[in-house]
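> Okay, structure incoming, though there's no sequence with it:
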DNA sequence: TTTAAAATTTAGACAAATCTAAAAAATGAC
DNA sequence: GTCATTTTTTAGATTTGTCTAAATTTTAAA
Ligand SMILES: [Mn+2]
Ligand SMILES: [Mn+2]
Ligand SMILES: [Mn+2]
Ligand SMILES: [Mn+2]
């Protein structure tokens, strides 16, 4: 019922790597955690013994139902602290992740539920990622990758699915953040780059960047 | 410059035990940390090597100047989080200590300074203990142990110097908290017990309890 | 001043988490 | 299908923090 910081970091990393039920490999996890394959195997045995994993040696692993539950509670903590750091302490969205990496391991349930309440039960974190509620449920949203936003229809940025320093630096430079209103003006099939209108400015972004930006778009709006 | 959770717990415990420059013994520290004397000796060697301690084998130890600085920063974190938990999340003063025990180990300086600012630079925590500022300075206050409060002069409880669950339970029962206004009505030399007037009620407290309650008293007030 | 008791340190062991290097298993090119 | 390459696991070591039991040092009583 109570896991070490190291165990929690592994569980969370597996959750993110496996996405919608894919199997995770030893090397991929080692890479993600900046550790060695041998260390991963050791930890997989341990998490397996604790029934958090479906693990078949040599063939990778996925989280068990219990493992997913644990992961969602870690992610809940992480994203609530990110929201707190951003909204209450005024940190930029590229700073909050590192700090939340530490705070997420303080795992008292009542503390987290009170924090949630204090923050007004935010459904999304500063990067637009959903915050699991106290039961581990995640709000869904009709997201659209920027590449599928119809031309000349206003969309609002609601999520960025890569939060590397490099990505966030680029977004900042282009004045794109959560809540930014924009329209696609041009799409160049040669390299899939896009020209956007943002606050009366024309901004060009690459395919790689566009792939990581999601928008909401009200089809019934004018 | 960066210390493990275990090291931090030892440093803080030494700080509290040594008070105003007393020497701390191996057994006292083991007791305080619910560990064994042998473990303490091991850690003392380590902290000594890091120049955080003045350590003479068999004769106890005190924190070095650097060690005190580290201790004050840990205590700053602890008390700021206690204040946050109490004021923002609505926890009772007997609950905040345990939670702060974990949060105190998240040691990013900018985070703590921003938290301090967010909270309005509180000088005292929910138990009335002073919160070191970002330079490690502690506000002083003309405190008076309740036993020295002149009879029939109003005092305001500003600090309780024992925060055991037992003590806080008793205080709650007697409706005494930080900010409580009271007057000493009677003092019984036989057992040093006191009769207090609190909001028109007469309350009796023991010597042990009185010793841990400190009040402010304005000599110039009427 | 001797000696028994108490306090402290040392010795040796163990669990957790990590690493490097070697062995074993799976995979894919031929 | 064989075999070299890649991936994964195992073996053995290391660091941190802890423990018990034994040895050492201090202390305080007789
Ligand atoms: Mn983490
Ligand atoms: Mn996030
Ligand atoms: Mn602690
Ligand atoms: Mn306190």
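Perfect, I can see it now. Bear in mind that the values here come from a model prediction, so they are computed numbers and not experimental data. Ligands and ions are numbered 1, 2, ... in the order given.
> Can you give me every residue that contacts residue A:189?
For residue A:189, no residue meets the contact criterion (Cβ atoms under 8 Å, 6 or more residues apart in numbering or on different chains). All C-beta spots, glycine's among them, are computed from the backbone N, C-alpha and C.
> I'd like the distance between it and residue A:207.
Counting by Cβ to Cβ, to the nearest Å, the separation of residue A:189 from residue A:207 is 11 Å.
> now residue A:174
From residue A:174 to residue A:207 the distance is 14 Å (Cβ to Cβ).
> Can you report how many residues lie near residue A:154?
Counted with other Cβ atoms under 10 Å in any protein chain shown, the neighbours of residue A:154 add up to 16.
> Does it touch residue A:185 like I think?
No: the pair residue A:154 and residue A:185 does not pass the contact test of Cβ atoms under 8 Å, sitting 11.7 Å apart.
> helices or strands up against the helix or strand hosting residue A:184?
Using DSSP states H and E, residue A:184 sits in strand A:181-188. Identification of packing neighbours for strand A:181-188 by 3 or more Cβ pairs under 8 Å, 6 or more residues apart in numbering or on different chains; DSSP states H and E yields strand A:155-160, strand A:193-198.
> Just want the angle from the helix ranked longest in chain A to helix B:65-87.
The residue-count maximum for a helix in chain A (DSSP state H) belongs to helix A:65-87. Relative orientation of helix A:65-87 versus helix B:65-87 (axes from the mean of the first three to the mean of the last three Cα atoms, to 10 degrees): 100 degrees.
> And helix A:65-87, what's buried?
Buried residues in helix A:65-87, counted by 16 or more other Cβ atoms under 10 Å in any protein chain shown: A:67-68, A:70-86.
> Tell me the helix or strand right after that helix.
Criterion used, DSSP H and E; the element after helix A:65-87 is helix A:96-103.
> what's the burial count for whatever residue of chain A ends up closest to ligand 4?
Relative to ligand 4, the nearest point of chain A is residue A:111 (16.1 Å; Cβ to the ion). Residue A:111 is flanked by 21 other residues according to other Cβ under 10 Å.
> Likewise for the one 4 residues further on?
Counted by other Cβ under 10 Å, the residues lying close to residue A:115 total 22.
> Skipping its backbone neighbours, what lies nearest it in space?
Excluding its sequence neighbours, the residue lying closest to residue A:115 (Cβ to Cβ, 6 or more residues apart in numbering or on different chains) is residue A:80, at 5.4 Å.
> quick one: contacts for the one you found?
Counting by Cβ under 8 Å, 6+ apart, residue A:80 has contacts A:112, A:115-116, A:119, A:122, A:125, A:131.
> What of residue A:15?
A:63, A:67-68, A:71-72, A:75.
> any idea which of those is the one closest to ligand 3?
residue A:75 (24.6 Å).
> The closest residue to that closest one other than its chain neighbours: how many residues sit nearby?
Of all residues not flanking residue A:75 in the chain, residue A:132 sits nearest, at 6.0 Å (Cβ to Cβ, 6+ apart). Residues lying near residue A:132 (other Cβ under 10 Å) number 21.
> Spit out the contact partners of residue A:132.
A:72-73, A:75-76, A:79, A:138.
> picking up where we left off before, could you say which one of the helices and strands packed on strand A:181-188 comes nearest to residue A:42?
strand A:155-160 (34.0 Å; Cβ to Cβ).
> Tell me the neighbouring strands of that closest one, and mark each as parallel or antiparallel.
strand A:181-188 (antiparallel), strand A:213-216 (antiparallel) (DSSP bridges).
> contacts for it?
Against strand A:155-160 from outside (Cβ under 8 Å, 6+ apart): A:124, A:127-129, A:141, A:143-144, A:146, A:149, A:167-168, A:171, A:176-184, A:212-217.
> Output the below-cut-off pLDDT ranges for chain A.
Chain A contains residues with pLDDT under 70 at A:20-21, A:219-222.
> Nearest to ligand 1: which residue in it?
Nearest residue of chain A to ligand 1 (Cβ to the ion) works out as residue A:101 at 4.1 Å.
> ok, that residue - contacts?
Residue A:101 touches residue A:78, counting by Cβ under 8 Å, 6+ apart.
> Show me the domain layout of chain A.
A:5-63, A:76-118, A:144-217 (automatic domain parsing).
> most packed of those domains?
Stretch with highest mean neighbour count among the domains of chain A: domain A:76-118 (a mean of 19; mean count of other Cβ atoms under 10 Å in any protein chain shown).
> how distant is it from the center of its chain?
Chain-centre distance of domain A:76-118: 14 Å, with Cα atoms, centre = their mean, to the nearest Å.
> Does that domain reach DNA strand C?
No: Domain A:76-118 lies apart from DNA strand C when judged by Cβ under 7 Å from any atom of the strand; the minimum separation is 11.2 Å.
> That domain close to ligand 3?
No: on the criterion Cβ under 5 Å from the ion, domain A:76-118 is out of touch with ligand 3, staying 10.9 Å away.
> Out of the contacts of residue A:80, give me the two with the largest separation.
Longest span within the contacts of residue A:80, Cβ to Cβ: A:112 and A:125, 13.7 Å.
> Mind putting the domains of chain A into TSV with distance to residue B:160?
TSV is the format used below for those (distance: least, Cβ to Cβ, whole Å):
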stretch	distance to residue B:160
domain A:5-63	33
domain A:76-118	23
domain A:144-217	44
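> count of residues packed around residue A:124?
A count of neighbours around residue A:124, defined by other Cβ under 10 Å, yields 16.
> And for it, nearest residue in space, chain neighbours not counted?
Nearest to residue A:124 is residue A:130, by Cβ to Cβ, 6+ apart, at 5.8 Å.
> Which neighbouring elements make contact with the helix or strand hosting residue A:203?
Secondary structure assignment for residue A:203, by DSSP H and E: strand A:201-205. Helices and strands touching strand A:201-205, as assessed by 3+ Cβ pairs under 8 Å, 6+ apart, comprise strand A:193-198.
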